[in-house]
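K.L.:
sequence unknown, structure follows:
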Ligand SMILES: Nc1ncnc2c1ncn2[C@@H]1O[C@H](COP(=O)(O)OP(=O)(O)O)[C@@H](O)[C@H]1O
Ligand SMILES: CC(=O)OP(=O)(O)O
Ligand SMILES: [Mg+2]
C-alpha cells in the first residue's frame, strides 16, 4: 500500500490540534482538538471527514501524553489509527527553533536535544511540543517525524531587524536576538495573498497580521520575511490574549525592585495575566465585543489599546516595506472579528488603506478582499492553515521529492 497520509500534531501550551491528510490531493481525513489539558474541564473534539462523524468527550485529560493517547484512540475508532500502513510521516509544529533550523527537519536525538535546550525561550510552547513528539515517536518509532519550526520563515530577516541594540558580545554569547514566531502561518498566508491578487509571491509586499490568542505581525517583501513583531520569545510585539507585547524593559526592574515581585512572578504576569485578559479580565475577543456592545468601559479601553498597538505596527511595516500591496488579517481574531479589521485601518486612507463596510461584514472561509474596488492597497482576510502547511512541508521532506532525509544539525 502506498504511503500518502501525513498526521500533523500542533501541541500548544494547553491544547493539541491535529489533522490527518491524504497528500495525493491534500484532503483532510480527520481533524480534531484536545483543549484545556491539565484541567478538570478538558474536551476532545474529533471529526472524521471520511464519514462526516463528529464525537465530543468531556472530562479531565491530565497532560500532553494523555492527550496524544486520546488522539490516537479517536483516530483508531475511525480506522485511521497510527498503525496505518498508509502513514508516510508525522509532522510536528515546534515553536522555537533558535538559530539552527531554517528548514523542516527530520527529528533525531540531536534535534530533540536542541528543542529541549530552547524551552527557556518558549516556555509556554516548546515543552509541550517535545512531549507531543516523544509520545508520537514512541507510538511509531519506524516513521520519520518532522519538525516544522515557527521560527523558520523569519530566518531571512536582515541583521538590522533581528538584532536588539544591546552589547553585541553579550547578545551573541546568550543568543539574544529576535527570532519571530507563527512563521508557518505568515509563510502560508503571504503566499495565499499573492494568489488572491493573481501575482507570484516574489512580486508582492505584504503585511501579515496573525491575530489569534498569540498575535504577531510580519513584513514580507517578495515572499521573504524582513521583519516581525515577536522577538527572542513570543512575548514581544502586539497586545495578545494574555501576553503584554511591547513594554519598556524597565517595567520588569521596577516590579522587582519596587514592587517586590520575583522574576517568576513577573514572567507569569507578562505571559499569562496581561494582554486583553490583564486589561479587562477577558481574553476572548467575542466576549470583549459583547461587553463593548453593552457599554462596558473597561472592555472598550482594552480594545482600544489592542487596536492602537496594531495600528502602530501597520505603520511601522509600511515604512519598512516602502511599498505595500496588501495587508492581510488571519487567525481567530483576524478571520472573525470585523470590528478589529475596521478599527485597525480606520484613518489610514492617506496610506491607501480602507475597508468596505459590506465586504468586511461578510463571513466566510475563503480568502477574500475587503477593501473597496479602487483601493491602492488591498486589504484581505485569508484563513490560515498551519496544519496544511506543516503537512505539505513534511511530505516534501520525507521524500517524495529527493528521497533523502536531512537534519539541519548534521
Ligand atoms: N467569531 C469570533 N469573533 C471574534 N473573535 C474570535 C471569534 N472566534 C475566535 N475568536 C478569537 O480567536 C482567538 C483564538 O484564535 P486562534 O487563532 O484559534 O488561537 P490559537 O491558535 O492561538 O489558540 C479566541 O481567543 C478569540 O479571541
Ligand atoms: C508562538 C505563539 O504565540 O503561538 P500561539 O499563538 O499558538 O500561542
Ligand atoms: Mg495559533
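P.N.:
Received the coordinates, thanks. This structure is a prediction, so every number in the text was calculated from the model and none was measured. Ligands and ions are numbered 1, 2, ... in the order given.
K.L.:
Could you list the low-pLDDT ranges of the stretch 251-400 of the chain?
P.N.:
By pLDDT under 70, the weakly predicted segments of the stretch 251-400 of the chain are 400.
K.L.:
Can you name the residue of it nearest to ligand 1?
P.N.:
residue 332 (2.1 Å; CB to the nearest ligand atom). Just so you know, the C-beta spots here come from the backbone N, C-alpha and C atoms, and that holds for glycine as well.
K.L.:
give the contact list for that residue.
P.N.:
Shown in contact with residue 332 (CB atoms under 8 Å, 6 or more residues apart in numbering): 211, 212, 213, 285.
K.L.:
Those also near ligand 1: which ones?
P.N.:
Among the contacts of residue 332, the residues within reach of ligand 1 (CB under 6 Å from any ligand atom) are 212, 213, 285.
K.L.:
quick one: the first one from residue 396, how far?
P.N.:
The spacing between residue 212 and residue 396, counted by CB to CB, to the nearest Å, is 25 Å.
K.L.:
do the same with residue 225
P.N.:
In terms of CB to CB, residue 225 sits 20 Å off from residue 396.
K.L.:
now swap in residue 321 and tell me
P.N.:
29 Å.
K.L.:
Now do the helices in the stretch 251-400 of the chain.
P.N.:
Taking DSSP state H, counting those that start in this stretch as the criterion, the stretch 251-400 of the chain carries its helices at 263-272, 275-280, 285-293, 297-321, 331-336, 338-345, 357-361, 386-395.
K.L.:
Out of the ones you listed, which one sits most buried?
P.N.:
Across the helices of the stretch 251-400 of the chain, the average number of neighbours (mean count of other CB atoms under 10 Å) peaks for helix 386-395, which reaches a mean of 24.
K.L.:
Does that helix reach ligand 2?
P.N.:
No. Using CB under 6 Å from any ligand atom, helix 386-395 stays clear of ligand 2, with a minimum separation of 8.6 Å.
K.L.:
Count the residues that sit near the residue in the stretch 151-300 of the chain that ligand 2 sits nearest to.
P.N.:
The minimum distance from the stretch 151-300 of the chain to ligand 2, using CB to the nearest ligand atom, falls at residue 214 (2.4 Å). If you count neighbours by other CB atoms under 10 Å, residue 214 ends up with 25.
K.L.:
show me the residues around it that make contact.
P.N.:
181, 182, 234, 240, 241, 243.
K.L.:
same deal with residue 57?
P.N.:
Going by CB under 8 Å, 6+ apart, residue 57 touches 43, 44, 70.
K.L.:
The same query, at a cut-off of 6 Å, please.
P.N.:
residue 44 (CB atoms under 6 Å, 6 or more residues apart in numbering).
K.L.:
give me phi/psi at it?
P.N.:
phi -130, psi 140 (degrees, to the nearest 10).
K.L.:
Could you report the separation of it from ligand 1?
P.N.:
20 Å (CB to the nearest ligand atom, to the nearest Å).
K.L.:
and residue 309, what is it in contact with?
P.N.:
Here residue 309 is in contact with 238, 239 (CB under 6 Å, 6+ apart).
K.L.:
Let the chain start at 17 from now.
P.N.:
Understood, numbering begins at 17; the last thing we discussed is residue 325.
K.L.:
Relative to ligand 2, how far out is it?
P.N.:
Residue 325 is 15 Å from ligand 2, by CB to the nearest ligand atom.
K.L.:
got it, and residue 42?
P.N.:
22 Å.
K.L.:
Name the nearest residue to that residue, sequence neighbours excluded.
P.N.:
residue 404 (6.3 Å; CB to CB, 6 or more residues apart in numbering).
K.L.:
Ok, residue 82 next?
P.N.:
Leaving aside its chain neighbours, residue 82 sits nearest to residue 53 (7.8 Å; criterion: CB to CB, 6+ apart).
K.L.:
these two touch, right, residue 241 and residue 168?
P.N.:
No. Counting by CB atoms under 6 Å, residue 241 stays clear of residue 168, with 9.7 Å between them.
K.L.:
in stretch 158-177, what's buried?
P.N.:
159-173, 177 (16 or more other CB atoms under 10 Å).
K.L.:
Among those, which ones are in strands?
P.N.:
If you go by DSSP state E, the buried residues of stretch 158-177 have 161, 162, 163, 164, 165 in strands.
K.L.:
Compile these into CSV and extend it with columns for pLDDT and distance to residue 71.
P.N.:
CSV is the format used below for those (pLDDT from 0 to 100; distance: CB to CB, whole Å):
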residue, pLDDT, distance to residue 71
161, 97, 26
162, 98, 28
163, 97, 29
164, 97, 28
165, 97, 32
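K.L.:
Which single one of the residues you listed is nearest to residue 324?
P.N.:
Among those, residue 165 lies closest to residue 324 (CB to CB), at 30.9 Å.
K.L.:
how near is that closest one to ligand 1?
P.N.:
According to CB to the nearest ligand atom, residue 165 stands 16 Å off from ligand 1.
K.L.:
Please name the bridge partners of that residue.
P.N.:
Applying DSSP bridges to residue 165 gives these bridge partners: residue 110.
K.L.:
Please give me every residue in contact with it.
P.N.:
Counting by CB under 6 Å, 6+ apart, residue 165 has contacts 110, 113, 117.
K.L.:
out of those, who has the most neighbours?
P.N.:
residue 110 (32 neighbours).
K.L.:
Now do it against residue 142, distance only.
P.N.:
Residue 110 is 7 Å from residue 142, by CB to CB.
K.L.:
any shared contact partners between the two?
P.N.:
Going by CB under 6 Å, 6+ apart, residues that sit against residue 110 and also against residue 142 are residue 131.
K.L.:
which residues in the stretch 67-216 of the chain form helices?
P.N.:
All helices of the stretch 67-216 of the chain, identified by DSSP H, counting those that start in this stretch, fall at 80-93, 125-133, 142-155, 175-178, 184-189, 199-212.
K.L.:
any idea which of the ones you listed is most buried?
P.N.:
Comparing the helices of the stretch 67-216 of the chain by mean neighbour count (mean count of other CB under 10 Å), helix 199-212 comes out on top with a mean of 24.
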